[in-house]
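Enquirer: dropping a prediction and its sequence here:
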Amino acid sequence: MSYLRDRHLTARTLMAALALVTAASAQEKQQDPSTIRVETDLVSVEVAVTDRDGAPITALLRAEDFVVHEDGARQKITNFAATDVPFNLVLVLDTSGSTRADVDLMRRAAAGFLAELRPRDRVAVVGFNEQVQLYSRLTSDREAIERALGRIQPGSGTSFYDALHLTLREVLRKVEGRKAIVTLTDGVDSTGAYTFDLLRLELEKAGTTCYFLELNTEAFTRDGMLLGCEDDRHFKFSRKQVQKYYGLSGKGFEWLRDFDHCRLTAEERKEINGRLYEAGRGELRELARQTGGRVYPVEDLGRLAPAYAQIAAELRTQYSLGYYSTNDRRDGKWRELRVEVKRPGLVAHAKPGYRAPRD
């Protein structure tokens with residue numbers, strides 16, 4: 001009897017201790033939300049791998065070939081997807097005044113790009129000039145995509161920022177998996193409501209890699225700007241461009257009150273045009289760097305096909321890495337990323353960081 005009574009007492013004691021531990025653990029979790037939320041904050045990083053000359057690597061890599069650091073701290077890779085995972089890709093085409101004579105060439109080059117992709121990759125098509133048009137949502141039906149390319153029409157004005165905003169909001173916002181935007185443009189925005197700063201913030205949250213085929217239309221645009229206003233072929237700076245120029249030059253927006261394009265001297269027109277193109281080139285490179293993509297300069301539209309082929313090759317050699325950050329603070333702060341490949345001679349291209357979630 002004594003032995004049984006002692007056993008019952010011991011069992012009750014253990015149960016009481018277990019209850020105290022459970023209650024303490026529950027209270028600790030209630031006080032520190034990060035202990036239960038950290039498991040949901042997966043950080044995903046798209047990584048392209050090339051040799052030191054920028055040529056894509058076709059050899060298949062494994063998770064253990066990569067090292068990821070966040071703010072200098074090494075992270076444990078828990079999710080890994082190799083190159084055979086399908087892509088969601090949006091072709092964005094600039095058909096504004098500076099490119100309108102070559103729209104057929106653009107269509108053919110884009111159709112050739114489709115042939116470089118894999119059957120399961122999904123593609124959408126967006127065209128823009130002053131207006132932004134979604135010609136095709138994401139689909140793997142190549143004939144439907146080619147029909148969409150055939151409907152693209154040239155126009156005036158360049159709503160570049162609006163086009164990328166629509167792409168993120170209407171096409172990619174609810175899409176999971178690997179995502180990329182391939183944009184053909186000179187990068188000089190002239191119409192629309194969106195700005196570079198707004199777009200940069202939106203891309204920061206989107207998890208989408210951006211590639212740009214950068215057209216060189218500066219001389220063509222400059223020559224149109226230098227024509228007299230009595231010439232029907234002349235170009236004019238839009239009010240949005242003038243505002244941007246005065247912001248870049250530091251001259252102050254009070255100059256806008258009396259701005260008259262037709263009263264500008266030839267030198268003033270050259271200066272404004274040059275500053276806008278300089279800013280546009282810098283912005284393309286900033287967006288590409290921020291998203292882990294690249295800029296491919298294209299001197300003339302006849303060389304679009306090789307540039308598209310190079311992007312397609314890079315897309316085929318991308319990897320998706322995922323990890324749960326060792327920093328469980330949900331403070332909304334920027335965190336720097338560094339991705340490396342252990343194999344000698346290989347270079348990883350990835351976004352430079354991300355913004356932590358905020359409670």
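Expert: Thanks, I have it. Quick caveat, the model's predicted, so the values are computed rather than measured.

Enquirer: next SSE downstream of the helix or strand of the chain with the lowest mean pLDDT?
Expert: Of all helical and strand segments in the chain, the minimum by mean pLDDT, DSSP states H and E falls on helix 34-37, at a mean of 34. Following helix 34-37 in sequence order, the next helix or strand is strand 42-51 (DSSP states H and E).

Enquirer: helices of the protein, residue ranges please.
Expert: Counting by DSSP state H, the chain has helices at residues 2-31, 34-37, 103-116, 142-150, 160-166, 196-206, 218-226, 239-249, 266-291, 304-315.

Enquirer: select, out of the ones you listed, the one closest to Trp334.
Expert: helix 196-206 (8.9 Å; CB to CB). Where C-beta positions appear, they are placed from N, C-alpha and C, glycine not excepted.

Enquirer: which one of the helices of the chain is the most hemmed in?
Expert: helix 160-166 (a mean of 24; mean count of other CB atoms under 10 Å).

Enquirer: chain center to it, what's the gap?
Expert: 12 Å (CA atoms, centre = their mean, to the nearest Å).

Enquirer: where does pLDDT dip in this protein?
Expert: The chain contains residues with pLDDT under 70 at 1-40, 83, 98-101, 251-257.

Enquirer: what domains does the record give for it?
Expert: Annotated domains of the chain cover 42-81+333-354, 87-315 [automatic domain parsing].

Enquirer: now find how far off-centre the last one is within its chain.
Expert: Distance of domain 87-315 from the chain centroid (CA atoms, centre = their mean) equals 13 Å.

Enquirer: what's the end-to-end length of that domain?
Expert: 8 Å (CA to CA, to the nearest Å).

Enquirer: next one: the shortest one
Expert: Between the opening and closing residues of domain 42-81+333-354 lies a distance of 12 Å (CA to CA).

Enquirer: run the chain-centre distance for it.
Expert: For domain 42-81+333-354 - counting by CA atoms, centre = their mean - the centre lies 17 Å from the chain centre.

Enquirer: go through the domains of the chain and name the closest to Gly322.
Expert: Comparing the domains of the chain by CB to CB, domain 42-81+333-354 comes nearest, at 3.0 Å.

Enquirer: rewinding a little: now render the domains of the chain as JSON lines, adding distance to Tyr323.
Expert: Putting those into JSON lines (distance: least, CB to CB, whole Å) gives the following:
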{"stretch": "domain 42-81+333-354", "distance to Tyr323": "4"}
{"stretch": "domain 87-315", "distance to Tyr323": "14"}
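
Enquirer: for Lys236, grab phi and psi.
Expert: phi -130, psi 150 (degrees, to the nearest 10).

Enquirer: Arg343 versus that one, what's the distance?
Expert: 54 Å (CB to CB, to the nearest Å).

Enquirer: tell me which of the two has more neighbours.
Expert: Using other CB atoms under 10 Å as the criterion, Lys236 and Arg343 rank with Lys236 on top: 16 against 12.

Enquirer: verify the stated contact: that one with His261.
Expert: Yes. Contact criterion CB atoms under 8 Å: Lys236 and His261 qualify, at 4.6 Å.

Enquirer: so what sits against both of these two?
Expert: Common contact partners of Lys236 and His261 (CB atoms under 8 Å, 6 or more residues apart in numbering): Cys229.

Enquirer: now Gln133: closest residue in space, sequence neighbours ignored.
Expert: Spatial nearest neighbour of Gln133, excluding adjacent residues (CB to CB, 6 or more residues apart in numbering): Gly127 at 5.1 Å.

Enquirer: residues touching that neighbour, list them.
Expert: With the criterion set at CB under 8 Å, 6+ apart, Gly127 makes contact with 92-93, 95, 133, 135, 152-153.

Enquirer: select only the buried ones of these in ChimeraX?
Expert: Buried subset of those, written as a ChimeraX selection, criterion 16 or more other CB atoms under 10 Å:
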select :92,93,95,133,135,152
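
Enquirer: was I right to think Gly345 contacts Ala55?
Expert: No. Assessed by CB under 8 Å, Gly345 is found out of contact with Ala55, at 10.9 Å.

Enquirer: ok so, going back, so which of the helices of the chain is nearest Arg338?
Expert: helix 266-291 (13.6 Å).

Enquirer: re earlier: could the contacts of Gly127 go into JSON lines alongside distance to Arg120?
Expert: Output for the contacts of Gly127, formatted as JSON lines (distance: CB to CB, whole Å):
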{"residue": "Val92", "distance to Arg120": "21"}
{"residue": "Leu93", "distance to Arg120": "23"}
{"residue": "Thr95", "distance to Arg120": "29"}
{"residue": "Gln133", "distance to Arg120": "26"}
{"residue": "Tyr135", "distance to Arg120": "21"}
{"residue": "Ile152", "distance to Arg120": "25"}
{"residue": "Gln153", "distance to Arg120": "30"}
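
Enquirer: just the contacts of Gly127 now: which is nearest Glu202?
Expert: Nearest to Glu202 among the contacts of Gly127, with distances taken as CB to CB, is Val92, at 14.4 Å.

Enquirer: show me the beta-bridge partners of the closest one.
Expert: Beta-bridge partners for Val92, by DSSP bridges, are Val126, Thr183.

Enquirer: can you pull the contacts of it?
Expert: Val92 neighbours (CB under 8 Å, 6+ apart): 126-128, 163-164, 167, 181-185.

Enquirer: Asp102: how many residues sit nearby?
Expert: Neighbours around Asp102, by other CB under 10 Å: 18.

Enquirer: my read is that it contacts Leu301, right?
Expert: Yes. Judged on CB under 8 Å, Asp102 makes contact with Leu301 at a distance of 4.5 Å.

Enquirer: now the residue lying closest to Val49 once chain neighbours are set aside: how far from Leu164?
Expert: Take Val49 and drop its neighbours on the chain: the residue closest to it by CB to CB, 6+ apart is Ile57, 4.8 Å away. Look at Ile57 and Leu164: by CB to CB, they are 29 Å apart.

Enquirer: fine, thanks again, bye for now.
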